[in-house]
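Asks: quick one, what's the 3D model for this:
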Amino acid sequence: MRDIEAYLQHSQENVTGKVFVTLMPYRFQVTGIESAYDLMSSKFGKYGEMNSGWSGEDVRGFSKIFGNQTMIWNQVNESNKK
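Replies: Numbering: from 1, shown residues only. Next comes the predicted model:
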């Protein structure tokens, strides 16, 4: 139990800032946040159609490396079928 408590305490170290909510009968809705640790901040990149973080070549290289595990799995399973 102490390990779980320590994990939860440590995982919340960088949780700071403000949360904006709209209160309604029987529910609420998060409408925004302000935090120095906001991982969705626009200073890290643009989301959606506009992405300047990766070029087409970067995406092609990432896809090739990430796809290695699937390629190896298929080769192993094809050789075991014979």
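Asks: helices of the protein, start to end?
Replies: Under the criterion DSSP state H, the chain contains helices at 2-11, 56-66, 68-81.
Asks: can you pull the contacts of the most centrally placed residue in the chain?
Replies: In the chain, the centroid-proximal residue (Cα atoms, centre = their mean) is Leu39; its distance is 8.7 Å. Listed by Cβ atoms under 8 Å, 6 or more residues apart in numbering, the contact set of Leu39 is empty. C-beta here means a position set from N, CA and C on the backbone, and glycine is covered the same way.
Asks: from now on call the first residue 34
Replies: In the new numbering, first residue 34, that becomes Leu72.
Asks: dihedrals phi and psi, it?
Replies: phi -70, psi -10 (degrees, to the nearest 10).
Asks: so what pLDDT did it get?
Replies: As predicted, Leu72 sits at a pLDDT of 77.
Asks: could you check how far Glu90 is from Ser96?
Replies: According to Cβ to Cβ, to the nearest Å, Glu90 and Ser96 sit 11 Å apart.
Asks: thinking again about what came up before, among the helices of the chain, which comes closest to Pro58?
Replies: Across the helices of the chain, Pro58 has its closest neighbour in helix 35-44 (31.2 Å, Cβ to Cβ).
Asks: just the mean pLDDT for that closest one, thanks.
Replies: pLDDT averaged over helix 35-44 gives 90.
Asks: now it: how far from the chain's centre is it?
Replies: Relative to its parent chain, helix 35-44 has a centroid offset of 22 Å by Cα atoms, centre = their mean, to the nearest Å.
Asks: residue contacts, Gln62?
Replies: Val54, Thr55.
Asks: next, count neighbours for Leu56.
Replies: Leu56 is flanked by 7 other residues according to other Cβ atoms under 10 Å.
Asks: meant to ask about Gly65
Replies: Gly65 has 9 nearby residues by other Cβ under 10 Å.
Asks: any idea how far Leu56 is from it?
Replies: Separation of Gly65 from Leu56 (Cβ to Cβ): 14 Å.
Asks: can you check Asp91 too?
Replies: 43 Å.
Asks: now swap in Met73 and tell me
Replies: 23 Å.
Asks: try Ala39
Replies: Ala39 is 33 Å from Leu56, by Cβ to Cβ.
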